[in-house]
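>>> sequence first, then the predicted structure, then my questions.
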Amino acid sequence: MVNTILTISVVLILLSILLSLYRFIKGPNTADRVIAFDVMTIASIGLIGLIAYFDNRIVYLDVAVVYGLLSFIGVIVVAKFLEKSL
Amino acid sequence: MILLLITIVLGVVMLIAALIAVYNKDMKTAIIAAGLTSLFASVLYVLLAAPDVALTEASIGSGLTTLIFFYVYNKIRRNNAQE
Amino acid sequence: METLKIIGAVITLMGSIALLLGALGLVRMPDLYNRIQTGTKASTFGTMLTLFGLVFIFPGWTGKLIILILFVGISNPVSSHVLARNAYRAGVPLTGKTTVDRLAEDMEKKNVEPKNDAQ
């Protein structure tokens, strides 16, 4: 029962990654692409949590922490670059 | 079974991001797409049960490379504006 | 015990539905600022709910999951705020249906006021 519900939620997260990839390909501005990048990395943090459930290992959550930190740094760098003040 | 589905979908997304990074004319989009490729490669390393390699790939490939590329691109743009 | 696990799984399912709605808003919205609003708010809420559901399933993982939830809840709104402010200063256009723009009025007032106060 628990496995079935979590499998459905993994499929929904993969669908959201594909939808934001559409925005990444099509987006007219650079800032649109950065927002699509942000949504994809945030969805991947939830996906890593679910992978840790399916493999039953707590070590994978450390990867999720570093992942969130790097997505934060990447968005800040691109935003500073767009304002021409890096 | 579901892990196989995750692997296939993330591999296809990573391939599309790499093709964008190679064939796009805009430099900023290409740099962001290269960072995206590294981030999905890190998730694939987690799926292959190698969390230490995933940590290294995420920090070097996505964080440091993107930051250095944007720093250098900003310097080039500023030099071109001065001349 | 089994009931608690099913409650956690349902919370995780709600979180992933919120993530899907956020990505759908990213495709459907007409404007950069609307996309920032729907994308980061819905995706932050969805990820926090997804990780919170795992607390019910594995009670031994509570500490690390709470740290992760706090980190996502702090860092993601900050990055979306910085991106929206810098995109506005870089001149990304608003959509045609905008009726009020308080930030432009404030910036205009701020530029005018020092001239009036100059002695």
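Thanks, I have the structure now.
>>> okay, CA-based contacts and neighbour counts for the rest of this
Will do.
>>> now residue 30. Nearest residue, chain neighbours left out?
You didn't say which chain, so I picked chain A. Nearest non-adjacent residue to A:Thr30, counting by Cα to Cα, 6 or more residues apart in numbering or on different chains: B:Thr29, 6.6 Å away.
>>> chain C was what I was after
Nearest residue to C:Pro30, sequence neighbours excluded (Cα to Cα, 6+ apart): C:Thr95, at 6.7 Å.
>>> which SS class is that neighbour?
coil (DSSP: H, G, I helix; E, B strand; the rest coil).
>>> distance check, it against chain B.
Using Cα to the nearest Cα, to the nearest Å, one obtains 23 Å as the distance from C:Thr95 to chain B.
>>> isn't that residue right next to C:Asn34, touching?
No: contact status for C:Thr95 versus C:Asn34: not in contact, 9.2 Å apart, counting by Cα atoms under 8 Å.
>>> how far does whichever strand or helix holds B:Asp52 sit from the chain's center?
For B:Asp52, the host element (DSSP states H and E) is helix B:51-56. Offset of helix B:51-56 from its chain centre (Cα atoms, centre = their mean, to the nearest Å): 15 Å.
>>> tell me which other helices or strands whichever helix or strand comes after that helix touches.
The helix or strand immediately downstream of helix B:51-56 is helix B:65-82, counting by DSSP H and E. In this structure, helix B:65-82 makes packing contacts with helix A:60-82, helix B:27-47, judged by 3 or more Cα pairs under 8 Å, 6 or more residues apart in numbering or on different chains; DSSP states H and E.
>>> just the angle for the lengthiest helix in chain C relative to helix A:60-82, thanks.
Assignment by DSSP state H gives helix C:62-90 as the longest helix of chain C. Per axes from the mean of the first three to the mean of the last three Cα atoms, to 10 degrees, the angle that helix C:62-90 makes with helix A:60-82 is 10 degrees.
>>> which secondary structure elements does helix C:62-90 contact?
Contacts defined by 3+ Cα pairs under 8 Å, 6+ apart place helix C:62-90 against helix A:60-82, helix C:32-57.
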